[in-house]
Every structure is written in C-alpha cells, then in structure tokens.
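Chemist: Pasting the sequence and the predicted model now:
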Amino acid sequence: MDQAEEKAYVYERVLAKADIGVHIITKDGRTAFYNETMSQIEHLAQEEVIQSNLLDIFSFKDGQESTLLKALHEEEATLNREQTYYNAHGDQIVAVTHTFPIYYHGEVIAAAELARNVTSTKEHVHTRGQTGTARYQFEDIIGTSDVMKQAVQRAKQVAQSDLPVLITGETGTGKELFAQSIHAASSRAEAPFIAENCAAIPESLMESLLFGSKKGAFTGATDRPGLLEQVKYGTLLLDELQSLNPMLQAKLLRAIQERVFRRVGDTVERPFNGRILSTMNESPEHAMQSGTLRPDLYYRLAAIQLHIPPLRERPADIEPLLQHFITKNAPHATYDPRLVASLQAYPFPGNVRELAHGVETGLLFARNAPLALTHFPPHIAQGNQQKSAATLKDIVARAEQQAITTALRAHDGNITKAAKSLGVSRQSLQYRLKERP
C-alpha cells in the first residue's frame, strides 16, 4: 500500500466511525459510501444500500425530493434541511441533513449527505444545558504572540462585568474557548454554562429550544424549560448568532431588554437572570448589511466586543500550539526542526482547529519518525507552495459575492426576494451567505 492509498484508507475509516451519518452517491445515483451511523439513522444494513440506486431504496413524501439527488443533478447545496422520507421497508425516517455536490476538475462526480437523526435533536432540545459547566479557563489558552496576549487580557477584564459580550473571529480561532474562560473567571462561575450553535438546530425547533414550550402549544409539545430558563444565573453562549431567524432575534432582544420571556404557547412571563455571550464567524457589519443580523440585537449584544485574531496573523503561536497538540496526542513524539517555519508559511484558513487536525493526522503517518510537513494532509503540506495570484475560481467567487450584496441591498435585506431576483432558491442563497468569508 503506497502513501496515497494509506491516507485514503485512513480517511475512509474515520468517516466510517464518525458519529454523524455520511452517505455518498456517484454521478449515476448509486451509493459509494454509507457509514454505520447513517445505517442506524435509516434502519438499513449497509450491504442493502452500497451500490444500490438511491431511488430503489428510498421514497419521498409528496412534494419533496431528495436533496442528495438535487445536489448531484442541480449542483445545489442545502444546509440543515429537515427531511421526511421512507426506506425500502416502509419505515419513516426524519433526519436533518446537509448535502452538497463534490467536484473534481470543475465537474460534479458525486454528492454527499451528512445527517443527524431529528429524534436525537429533539431530545437534545429538551435536555440541553441542565448540567452544563465550563471546561476551560484562561490558563488553557495557548499563545505567546502580542495580539493573543492582548486578547486574553481584554477577556479577563470583560469577565468581571455582567454586560453582554460579542466574540468575533474566523472559524476555528477558539471563540468558545474564550467564552468558557470568561464564564469561569466571572462571578457566575458556579452557575451553569450552556453553549448552543444556532446554525446546528433546525429553525422549527430553535424557538422552543431557547424559550421552552407549554403543553399543547404545537404537535408533540410538552411543558419544557428552554435555555433561557435552564441557564438560571449562569452564562448562555449563542454560537453563530447571525444564523438565528430574524423573528427569533426580535424575541430574544425583548427577553434581554426586559429580562422576562414566555414559553412558546404560554402567557406567563418568566424571569431571565442569565448573562448572554455570543459569537460570530463573520463581521457584524457584513451580517447586518446582508440582512442576517438585526442591528438592534447587535447593538444590545455588542456592549463589549472581543475579536480573536486568525492564526495567520499570529505565526509566533504556531510553535507552542504544535508542541501542545503533539504532547496531547503522542507525548513522546518529536518533530523536524524545519516544520515550524513550514507551517508558518501556510495561511491556515481553518485556524487552530485545522492545525490540531493536521497534527493528529500527521502523527498517524509519522509513526515513530519525527513529525514532518510531508506527514500532514496534502492541502497543508502543499499549501505554502501555492501561488498567491488570483485564480479563475477566486474571480468568480468575488463576482458572485458582489451580485449577492447588490441584490440584498436592492431588496432591503429580504433574502426571499433577493434569491428570486438572482434566480436561485432561498435555501441556496442562505447557504452562500453562510459560506461568505
């Protein structure tokens, strides 16, 4: 087995054991990969699905279509779509899926679907945060660069206040690590810390997750406390705040301003005693301009704003982070002295998270040899050799972003109208907005 085959095997084994369902079909509509978790979600044996045509195995309710086939044939990605469909045995499946086309040399060669069982999601809605605690403190933040030291110092000052804090930074920079550290250093440290990713929960469930529900408010509703109630005197972290529906943003704003809220379907006002921290992986100005963030909520939650710089702006932190991840995964491993400079030349679009995963993969292939750049995933190993000149893909992406911005401005931030003027679906435009840098 050569190195390329070995890497492909490792990646396949990781996907096979992932705790999220993974289903990949080739351009002829047949299943090429179907992991154990997806098998459990859809109540089918893997051998029933592999190499079978998708429509021979699954059927869909009237008016619905397979988002997986849509990604394959129409090249349209969908994010957090709740789907109801049936397997070959007639069992109804309800799952929250993320589907997208897979390209090779500019052509779609396959489509992939990542799925979570919505039953598990609903259980998560009812139990989330009841025993939540912060796992990290400021001592766990690794960084020797001046910008990182300044960010930590500012965060320590913020911890002494009860004001809302908006933490901004690219994906993978460690925003939740800072949020947990702020909570742990605050006067609320003994109370619950609850973190919720606003982009990970279907819109239909998000309101009852935040505010709770009264029995009979909707089909299947029971008397349940929401996160605003469960957090008590603790800290509630809303990750990817801009993913909240504008209606929910307005309702959340009232709860924060008036310090009271109502469960869904209830008339009783309940007190909100917690502190709100929130994070965003895009600039608030950009989110307000695109219509995904209400300005009034922003001004309320950004009483204090904390920015976490991307890893490419703090190359001095590469070495201590590298040493930390090596020690964490393989305490006795060593690394090539040239590795640090090589990693500092790579821009790390995935930031610290990308470095952490790169080290984990590299150690797997290094075995007993010193960890070197060649052991890292190809996109990192070859990334610092790429030319900086804009590619056709870059130019097209910039043109697309400009068209989206113009359409949103023309329709006062209304995503539905902007999508119609651009000739794409509302879901497609929402996905593109989430992918914007």
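Modeler: In hand now; what should we look at?
Chemist: what sits up against whichever strand in the chain runs longest?
Modeler: If you go by DSSP state E, the chain has its longest strand at strand 92-104. The contact list for strand 92-104 (CB atoms under 8 Å, 6 or more residues apart in numbering) reads 21, 24, 41-43, 67-68, 70-72, 75-87, 108-119, 121, 202. The way it works is simple: take the backbone N, C-alpha and C, and place the C-beta from them, glycine included.
Chemist: swap the cut-off to 6 Å and go again
Modeler: Residues outside strand 92-104 that contact it (CB atoms under 6 Å, 6 or more residues apart in numbering): 41-42, 67-68, 71, 75, 77-86, 108-118, 121, 202.
Chemist: same thing with stretch 197-216?
Modeler: 80, 82, 96, 125, 221-227, 229, 238-240, 243-245, 248, 261, 263-266.
Chemist: which ones among those are found in strands?
Modeler: Using DSSP E, the contacts of stretch 197-216 in strands are N80, E82, V96, R224, P225, L238, D239, F261.
Chemist: Considering these, which possesses the most neighbours?
Modeler: Using other CB atoms under 10 Å as the neighbour criterion, L238 leads these with 25 neighbours.
Chemist: Is it in contact with S278, as I believe?
Modeler: Yes: counting by CB atoms under 6 Å, S278 is a contact partner of L238 at 4.4 Å.
Chemist: which non-adjacent residue is nearest H324?
Modeler: Nearest in space to H324, with sequence neighbours left out and distances taken as CB to CB, 6 or more residues apart in numbering, is I142 at 5.3 Å.
Chemist: who are the neighbours in contact with that neighbour?
Modeler: I142 neighbours (CB under 6 Å, 6+ apart): P320, L321, H324.
Chemist: Let me know the closest of the residues you listed to L301.
Modeler: L321 (29.4 Å; CB to CB).
Chemist: Distance from the strand or helix carrying that closest one to the middle of the chain?
Modeler: Using DSSP states H and E, L321 maps to helix 318-329. Relative to the centre of its chain, helix 318-329 is centred 24 Å away, using CA atoms, centre = their mean, to the nearest Å.
Chemist: Show me what counts as buried in it.
Modeler: I318, E319, L321, L322, H324, F325, I326 (16 or more other CB atoms under 10 Å).
Chemist: thought the second one was touching V340?
Modeler: What that stands for is E319. Yes: the pair formed by E319 and V340 meets the contact definition of CB under 6 Å, at 4.9 Å.
Chemist: can I get the ones in strands among the contacts of stretch 197-216 in a markdown table with distance to E207 and pLDDT?
Modeler: Formatted as a markdown table, those follow (distance: CB to CB, whole Å; pLDDT from 0 to 100):
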| residue | distance to E207 | pLDDT |
| --- | --- | --- |
| N80 | 15 | 70 |
| E82 | 14 | 74 |
| V96 | 16 | 81 |
| R224 | 12 | 88 |
| P225 | 14 | 92 |
| L238 | 13 | 96 |
| D239 | 17 | 94 |
| F261 | 11 | 95 |
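Chemist: Could you pick out the buried ones from the contacts of strand 92-104?
Modeler: Buried among the contacts of strand 92-104 by 16+ other CB under 10 Å: 41-42, 67-68, 71, 77-81, 83, 85, 110-118, 121, 202.
Chemist: Let's see which of those end up in strands.
Modeler: 78-81, 83, 85, 110-117.
Chemist: farthest pair in these?
Modeler: A110 and N117 (23.3 Å).
Chemist: can you count the residues close to R254?
Modeler: If we define neighbours as other CB under 10 Å, then R254 has 13 of them.
Chemist: Domains of the protein: list them as residue ranges, please.
Modeler: Following automatic domain parsing, one gets these domains for the chain: 3-117, 128-307, 316-385, 392-435.
Chemist: Now do the shortest one, average pLDDT.
Modeler: Right, domain 392-435. In this model, domain 392-435 has a mean pLDDT of 72.
Chemist: ok, back up a step: where does the residue nearest to H324 sit: helix, strand or coil?
Modeler: With DSSP: H, G, I helix; E, B strand; the rest coil as the basis, I142 sits in coil.
Chemist: Check it and give its pLDDT.
Modeler: I142 is given a pLDDT of 95.
Chemist: Packing partners of the helix holding L321?
Modeler: In terms of contacts (3 or more CB pairs under 6 Å, 6 or more residues apart in numbering; DSSP states H and E), helix 318-329 is packed against helix 339-344, helix 351-366.
Chemist: would you list the ones you listed in TSV and tack on mean pLDDT, mean neighbour count and distance to A302?
Modeler: Output for these, formatted as TSV (pLDDT from 0 to 100; neighbours: other CB atoms under 10 Å; distance: least, CB to CB, whole Å):
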stretch	mean pLDDT	mean neighbour count	distance to A302
helix 339-344	94	18	32
helix 351-366	91	20	22
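Chemist: Which of these sits closest to I50?
Modeler: It's helix 351-366; of those, that one is closest to I50 (CB to CB) at 25.9 Å.
Chemist: quick one, that closest one and helix 318-329 angle?
Modeler: Here helix 351-366 runs at an angle of 60 degrees relative to helix 318-329 (axes from the mean of the first three to the mean of the last three CA atoms, to 10 degrees).
Chemist: mind listing what's buried in the helix or strand following helix 351-366?
Modeler: The element immediately downstream of helix 351-366 (helix or strand, assigned by DSSP H and E) is helix 378-381. Buried residues in helix 378-381, counted by 16+ other CB under 10 Å: I380, A381.
Chemist: so how far is helix 378-381 off the chain centroid?
Modeler: 22 Å.
Chemist: what's in contact with it?
Modeler: Y346, G358, L373, T374.
Chemist: Which one of these is nearest to D56?
Modeler: Of the contacts of helix 378-381, the one sitting nearest to D56 (CB to CB) turns out to be G358, at 39.6 Å.
Chemist: which ones are touching that closest one?
Modeler: Per CB under 6 Å, 6+ apart, neighbours of G358: F376, P377, I380.
Chemist: what about T334, distance to N80?
Modeler: As for T334, its distance to N80 is 42 Å (criterion: CB to CB, to the nearest Å).
Chemist: Equivalent analysis for L422, please.
Modeler: 21 Å.
Chemist: Please apply the same query to E6.
Modeler: 34 Å.
Chemist: Kindly report the same for S39.
Modeler: On the measure of CB to CB, S39 and N80 end up 22 Å apart.
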